[in-house]
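Asks: Just need the structure, nothing else, for what follows:
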Amino acid sequence: MGKFLSARRRLLICALMVWPILGAAQGNTLIVGVLPTLSPRVLLNNYQPFRVYLEHALNRPVEMVTATDFAAFHKSTLAGDYDIVVTAAHLGRLAETERGYIPLATYKSTNRAMLMTSRVAPLESIRDLRGHAVATLDRYALITAQALAWLEERGLREGADFRLLETPSHNSSAYSVLSGESTLAIIAPAGWRQMPENIREGLQIYANLPPIPGLMWLANPRLAREAPRLKSILLAFSPDSPEGSQFFQVTGYQGMREITPEEMKSLDPYTRYLQKNLGQ
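Replies: Here you go, the predicted structure:
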């Protein structure tokens, strides 16, 4: 597994601080895979307070890693390369049904696809999207699946009517609208909150789609015996704690909550989209 992980782009958060002596003595580093929703630098900085909290609560070293894109991350998830994953809800549902991953917790904030257009030259009619591009950070993101389904309901299909432009980040997707490379950008609320003001001020909302589940924490089935304790520790991560205050202020995720079975089942239409596009 070490060779595989070294081949991926890793977030070596553990390198930013010295492991607590007791945790290091116990060994057994917990590997937490974090979906690459942001650039590695931003993702690393955002999750550092959460890593510190987990390390203290679990009394063991915690390392957070990521992958180059959503498809690579999900492949690593299914291969069992992570002990815990922080992943998109539909990817989590697929991991649960196909590999027995155990849902632990999710964030209180809601997720949704925000379709952003240029403030200077806004998209007037959805029909005017034909022949143009729609930008997104990853075609396998849940917000992308939601946006494509919304556009298809309005008679617009990717490939036939418009082109999907994949970019490295939300910022890049947004900038592609400002530069004229794309007509719409699919942005998540978290990405919008963390976007530089000089990019945000050039955009406006074309459509705000309905709320959908956000990122979820799931445990590898090999940690089944530890899952109840892991769940309790995650749910106890509060904005009132020093680490929680820092993390939730930066991300806007508001807090932690439980995941219901009904919520997981509601994701099945999106998992079918994944299975079709991932070739599973």
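Asks: For residue 17, give me the pLDDT.
Replies: Per-residue confidence (pLDDT) for residue 17: 31.
Asks: and if you look at the one 3 residues further on?
Replies: The predicted local distance difference test score for residue 20 is 31.
Asks: Same check on the one 5 residues further on?
Replies: At residue 25, the predicted lDDT confidence score is 31.
Asks: And the helices in the stretch 51-200 of the chain, which stretches?
Replies: For the stretch 51-200 of the chain, helices defined by DSSP state H, counting those that start in this stretch occupy the ranges 70-79, 89-99, 142-153, 170-179, 189-193, 197-200.
Asks: Hmm, residue 174 is touching residue 187, no?
Replies: Yes - because the distance of 6.4 Å satisfies Cβ atoms under 8 Å, residue 174 is recorded as touching residue 187. The C-beta positions use only the backbone N, C-alpha and C, and glycine is treated the same way.
Asks: joint contacts of those two?
Replies: Taking Cβ atoms under 8 Å, 6 or more residues apart in numbering as the contact definition, residue 174 and residue 187 share the neighbouring residues 116, 195.
Asks: of the helices of the stretch 51-200 of the chain, which approaches residue 135 most closely?
Replies: Distances from residue 135 to each of the helices of the stretch 51-200 of the chain were compared using Cβ to Cβ; the shortest belongs to helix 170-179, at 3.9 Å.
Asks: buried sites along the closest one?
Replies: Applying a neighbour-count criterion of 16 or more other Cβ atoms under 10 Å, one finds 170-178 buried in helix 170-179.
Asks: Low-confidence regions, the protein specifically.
Replies: Scanning the chain for pLDDT under 70 picks out the ranges 1-27, 278-280.
Asks: Beta-bridge partners for the closest residue to residue 144 other than its chain neighbours, please?
Replies: Distances taken as Cβ to Cβ, 6 or more residues apart in numbering put residue 136 closest to residue 144, at 4.6 Å, once the chain neighbours are dropped. In this structure, residue 136 bridges to residue 166 when assessed by DSSP bridges.
Asks: rewinding a little: of the helices of the stretch 51-200 of the chain, which approaches residue 162 most closely?
Replies: Among the helices of the stretch 51-200 of the chain, helix 142-153 sits nearest to residue 162 (Cβ to Cβ), with 7.5 Å.
Asks: Run the chain-centre distance for that closest one.
Replies: Remark: helix 142-153 is offset 17 Å from the chain centroid, using Cα atoms, centre = their mean, to the nearest Å.
Asks: do the same with stretch 229-243
Replies: If you compare the mean C-alpha spot of stretch 229-243 with that of the full chain, they lie 19 Å apart, counting by Cα atoms, centre = their mean.
Asks: Just the endpoints, please. Distance across it?
Replies: 19 Å (Cα to Cα, to the nearest Å).
Asks: returning to that earlier point: ok, the residue nearest to residue 144 touching residue 164?
Replies: Yes - contact between residue 136 and residue 164 holds when scored by Cβ under 8 Å: they sit 6.5 Å apart.
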